[in-house]
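Trainee: Need a 3D model of the sequence below.
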Amino acid sequence: MEESDSDLLRHYESVSEAERLSQGVGQLERARTQELLTRYLPPAPSVVLDVGGGPGAYACWLALRGFEVHLIDIVPRHIEQALEASRNQPDHPLASAAVGDARKLERSNASVDAVLLFGPLYHLTERQDRIQALREAGRVLRPGGIVLAVGISRFASVLDGLVRGYLDDPAFARIVERDLQDGQHRNPTPNPAYFTTAFFHHPDELAAEVQGAGLHHEATLGIEGPGWLLQNFISQWNDAARRERLLKALRALERERSLLGASAHLLAVARKAA
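Mentor: Numbering: from 1, shown residues only. Now for the predicted structure:
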């Protein structure tokens, strides 16, 4: 196992990824991601391969909507949690959930309609590994199929540090310096809030990697836009009218190239040639 894989496993043993999307700004990430999935995925009952799908938050949500969803994740704990979540919706279970590696998918060529990569591209720190994961996604896709791939913004740490005060910590300031230099995120501290070994993309890099894997890049979108930086986020989110105004504003800004880096997460929309 590579060092980055060991760091990843240790990190996800120390945090609750299953709860992250239902708390704080994670709610914005979830709502916007669901919105984009609804917009770009082919209609149910299309076959979706969720690679790096974690505890199954999106996989189970899609299964409830009639999709045939197969989940893969490198973290065994996540697969256990995904299977438990699947059992809790017995009328719409996951088609499968198994430990696996984005760089070597145990799927036949041209066997799925859509591939989600909502983790592998930032947990794989070497470009050749990210390209391999994208090529594998293309291999298992049917002609004309879609890949939705997420990267973390190169600027996420510095913005998070400004909002949350993490930059007061010299150790975090050093993390940010390297993030901005080459996108290689390393956390030498025991603080899980500083995340784990990862690669943070410049928006242009994400598009280039998609194209380098032989896929047609259609768009790169800001998932949360600048909305995740709101100081009074919870009060706005809990007010239905203000929440809808926020989401409407983020839809308007999602393609603005000058603001892409302000979003914590970036979504690359790509397609296999028909």
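Trainee: can you count the residues close to Ser263?
Mentor: 29 (other Cβ atoms under 10 Å). From N, CA and C alone the C-beta is placed, and that goes for glycine too.
Trainee: Ok, Gln128 next?
Mentor: Burial of Gln128 is recorded as 10 neighbouring residues (other Cβ under 10 Å).
Trainee: Show me what counts as buried in the strand or helix carrying it.
Mentor: Counting by DSSP states H and E, the element that carries Gln128 is helix 127-140. Of the residues in helix 127-140, Asp129, Arg130, Ile131, Gln132, Ala133, Leu134, Glu136, Ala137, Gly138, Arg139, Val140 count as buried by neighbour count, 16 or more other Cβ atoms under 10 Å.
Trainee: what about that helix, distance to the chain center?
Mentor: Per Cα atoms, centre = their mean, to the nearest Å, the displacement of helix 127-140 from the mean C-alpha position of its chain is 15 Å.
Trainee: buried sites along the next helix or strand after that helix?
Mentor: Where DSSP H and E defines the elements, the next helix or strand beyond helix 127-140 is strand 141-153. Neighbour-count burial for strand 141-153 flags Leu141, Arg142, Gly145, Ile146, Val147, Leu148, Ala149, Val150, Gly151, Ile152, Ser153 (criterion: 16+ other Cβ under 10 Å).
Trainee: check contacts around the second one.
Mentor: Residues counted as contacts of Arg142 (Cβ atoms under 8 Å, 6 or more residues apart in numbering) are Ala110, Ser111, Val112, Asp113, Lys272.
Trainee: and these, which of them are in helices?
Mentor: Residues from the contacts of Arg142 lying in helices, with DSSP state H as the criterion: none.
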